[in-house]
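any chance you can model this:
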Amino acid sequence: MSRHHALLALPLLLSACSAVTQEEASPSSTAPELVAMVESTSTTAKPTTTRPPTTQPTTTMTSISTTETAHQPKTTQTTAIPSGGTGSKGTEAPGDLMSQYKGVIGNYTLDQVLATAPAPAPSAIPGAAPLTGVPGNAPGPAVVVKIDNSSKATPQSGLNLADIIIEEEVEWGITRLAAIFQSQHAVVGPVRSGRTTDISFLGSLGNPALVYSGANKIIDTLLLRQGYVQNFSASRNGAYWRDSSRRAPSNLYANSASFKASGAPPAPWFAYRSEGVGAAGTPTSQVSLLLGSTSVTWTWSEGAWLRNQRGAAHVTDGGAQVTAANIVVATVTEVDTGMVDSAGGVVPEFVWAGTGSVVVFTDGKRIDGTWTRPTLADPAILVDATGNVIALTPGRTWVELVVNGVTSS
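Take a look at the predicted model:
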């Protein structure tokens, strides 16, 4: 049966953490809650090493009911979101509920060895931002913001100011974006909920801040157990507002600079070429991808990759087309989490850990190779077919997590 349909099992309805934890059931519906499935016949492989549970406070999550003053991105009327505290506060889902989780990422430890590194990890470039290779030395950790990418969410805010953006599939073939800010900050949104896929890359950012609208109890518990993550979900922090000119749930916004996380900048994710040095590879002017039901095309034009999705230019709320200096298309494994939404859409998990094939698009060239992430704490080491490290163009990189590779280029 298609992974976008319900498994034959008895559903256990989860209460939402807040009004912002609900999801789209399909592109044409409103926002149903995620549902955990009692799955007695799952064949999903489980790792032999499990992550020990982290003790969490027993206070309940704060409901959205009061107001605070916040910087606003637009002149339209907005509704502020109340302060619910900061950091990793919240209640864990009970053990019997957590037993319904059938994915794998949530059971890996941060230092669990999953593959052998084919080359050393990327080195820091003196005087350059670690996640872009562009000159500049911004202090502080990375801020990861989960952004809605459904048709109702566009145009979004802040995409062309992120250092790195990861695109991951969620229910019903819709995609969600994880925008990583470190070298600069921006008003960003619409902010949406977290997924277990996020755990696959958060550890490689050191001690990042995670900004998301919320999650169901299983996913939220797994995110809270990542002790290295500074958790700033909307159920725990007040630096969010709603834009009344847009329809909920795709109307929650924040400024990435508002989340005062502590710690050092992350280690570099990629190697970069020196200024004036071109990339080796096959000249390519366009690349097409399919993430679930979301079609994506990147076109090389005047020194940048321009993004189209669902057959039209992908633009920000300022009218500019979304651009990138590099596209990293990583083929990953998809597993079933054991959860579905209330309309029967399977909640997938994409395992960006271990090793797999990669296609890198940089400087108008295509380079085929392999990505390797030895542990969840390591960045992806990208090597070409001869084992040489693939160096990117300094600038913003989009990482596309796919199961079927590149459809055409």
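
would you map the helices across the stretch 151-300 of the chain?
Along the stretch 151-300 of the chain, the stretches classed as helices by DSSP state H, counting those that start in this stretch are 199-202, 217-224.

surely G194 and I218 touch.
No. Shown here, G194 and I218 do not form a contact pair, counting by C-beta atoms under 8 Å, at 11.1 Å. In short, each C-beta sits where N, CA and C put it, glycine included.

leaving out the residues flanking it, which one is nearest to I390?
Among residues not flanking I390 along the chain, L382 sits closest, at 4.2 Å (C-beta to C-beta, 6 or more residues apart in numbering).

quick one: the host helix or strand of the one you found to chain centroid distance?
Assigned by DSSP states H and E, L382 belongs to strand 381-384. Distance of strand 381-384 from its chain centroid, counting by C-alpha atoms, centre = their mean, to the nearest Å, is 21 Å.

only alpha carbons, please: show it as PDB.
The C-alpha trace of strand 381-384 is given here as PDB (Å, rounded to 0.1, in the frame of the first residue of the first chain):
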ATOM      1  CA  ILE A 381      31.600  14.600   3.700                       C
ATOM      2  CA  LEU A 382      31.100  14.900  -0.100                       C
ATOM      3  CA  VAL A 383      33.500  13.100  -2.400                       C
ATOM      4  CA  ASP A 384      33.400  12.500  -6.200                       C
END
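
tell me the mean pLDDT for that strand?
Averaging pLDDT along strand 381-384 gives 98.

among the helices of the stretch 151-300 of the chain, which is nearest Q156?
Nearest to Q156, of all the helices of the stretch 151-300 of the chain, is helix 199-202, at 19.9 Å by C-beta to C-beta.

tell me how many other residues crowd T116.
The burial count assigned to T116 is 8, neighbours taken as other C-beta atoms under 10 Å.

give the contact list for it.
If you count contacts by C-beta atoms under 8 Å, 6 or more residues apart in numbering, T116 has them with 372, 374.

looking at the helices of the stretch 151-300 of the chain, which is closest to W172?
Among these, the nearest to W172 by C-beta to C-beta is helix 217-224 (16.7 Å).

got the CA positions of the closest one in PDB?
C-alpha atoms of helix 217-224 as PDB (Å, rounded to 0.1, in the frame of the first residue of the first chain):
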ATOM      1  CA  LYS A 217       4.000  14.300  21.800                       C
ATOM      2  CA  ILE A 218       6.100  11.500  20.300                       C
ATOM      3  CA  ILE A 219       8.100  13.800  18.000                       C
ATOM      4  CA  ASP A 220       8.400  16.500  20.600                       C
ATOM      5  CA  THR A 221       9.700  14.000  23.100                       C
ATOM      6  CA  LEU A 222      12.300  12.800  20.700                       C
ATOM      7  CA  LEU A 223      13.400  16.400  19.900                       C
ATOM      8  CA  LEU A 224      13.600  17.200  23.600                       C
END
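
which strands or helices does that helix pack on?
helix 95-98, strand 333-341 (3 or more C-beta pairs under 8 Å, 6 or more residues apart in numbering; DSSP states H and E).

pLDDT on the shortest one, on average?
This means helix 95-98. The average pLDDT within helix 95-98 is 81.

repeat for stretch 263-279
For stretch 263-279, the per-residue pLDDT averages 95.

buried set for it?
For stretch 263-279, burial by neighbour count (16 or more other C-beta atoms under 10 Å) applies to 263, 265-273, 279.

any idea what T370 is bridged to?
Beta-bridge pairing of T370 under DSSP bridges involves S357, V383.

now do it, the pLDDT please.
We have a pLDDT of 98 for T370.

repeat that for K46.
Looking at K46, its pLDDT is 33.

remind me which residues of the stretch 151-300 of the chain are low pLDDT?
For the stretch 151-300 of the chain, no stretch is flagged by pLDDT under 70.

strands of that one, start to end?
With DSSP state E, counting those that start in this stretch as the criterion, the stretch 151-300 of the chain has strands at 164-169, 175-181, 187-188, 209-211, 230-231, 240-243, 252-255, 271-272, 282-283, 286-291, 294-301.

where does pLDDT dip in the stretch 1-150 of the chain?
Along the stretch 1-150 of the chain, segments meeting pLDDT under 70 span 1-92.

on that earlier part again, now the buried residues of stretch 263-279 as JSON lines including distance to G227?
Shown next, in JSON lines, are the buried residues of stretch 263-279 (distance: C-beta to C-beta, whole Å):
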{"residue": "G263", "distance to G227": "13"}
{"residue": "P265", "distance to G227": "19"}
{"residue": "P266", "distance to G227": "16"}
{"residue": "A267", "distance to G227": "18"}
{"residue": "P268", "distance to G227": "23"}
{"residue": "W269", "distance to G227": "21"}
{"residue": "F270", "distance to G227": "26"}
{"residue": "A271", "distance to G227": "29"}
{"residue": "Y272", "distance to G227": "31"}
{"residue": "R273", "distance to G227": "36"}
{"residue": "A279", "distance to G227": "38"}
